[in-house]
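In: no FASTA, just this:
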């Protein structure tokens, strides 16, 4: 199987940027829960949904890198 420069860039950016997004989402959610613990019931589901969307971007980039 032959890999190209574009495939490497897709994997690199498609892995790093969603990882940063997931880290920021988790950090801000924990900060919000630390400030208002009673709101954790509303914050945690939104956090998990946002993390799932960010992870989906990484999976899409992996599929694009293998297809190209």
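Out: All right, it came through fine. As the structure is a prediction and not an experimental result, all values here were calculated from the model.

In: just checking, what packs against whichever helix in the chain runs longest?
Out: Longest among the helix segments of the chain by residue count, using DSSP state H, is helix 5-35. Where contact means 3 or more CB pairs under 8 Å, 6 or more residues apart in numbering; DSSP states H and E, helix 5-35 is packed against helix 40-67. Using the backbone N, CA and C atoms, a C-beta is placed for each residue, glycine as well.

In: buried sites along the helix it packs on?
Out: 43, 47, 50, 51, 54, 58, 61, 65 (16 or more other CB atoms under 10 Å).

In: Could you list the low-confidence segments of this protein?
Out: By pLDDT under 70, the low-scoring segments of the chain are 1-3, 68.

In: mind listing what residue 65 touches?
Out: Each residue near residue 65 by CB atoms under 8 Å, 6 or more residues apart in numbering is listed here: 7, 8, 10, 11, 14.

In: Would you format those residues as a markdown table with neighbour count included?
Out: Below are those laid out as a markdown table (neighbours: other CB atoms under 10 Å):
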| residue | neighbour count |
| --- | --- |
| 7 | 17 |
| 8 | 11 |
| 10 | 20 |
| 11 | 17 |
| 14 | 19 |
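
In: Okay, buried residues for the longest helix of the chain please.
Out: Result for helix 5-35 [16+ other CB under 10 Å]: buried residues 7, 10, 11, 14, 18, 21, 22, 25, 29, 32, 33.

In: got TSV for these, with distance to residue 39 too?
Out: Shown next, in TSV, are those (distance: CB to CB, whole Å):
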residue	distance to residue 39
7	42
10	37
11	37
14	32
18	26
21	22
22	21
25	16
29	10
32	7
33	7
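
In: Most widely separated two among those?
Out: For the buried residues of helix 5-35, the farthest-apart pair by CB to CB is 7 and 33; their separation is 39.0 Å.

In: I'd assumed residue 12 was in contact with residue 58.
Out: No. Between residue 58 and residue 12 there is no contact under CB atoms under 8 Å: 11.2 Å.
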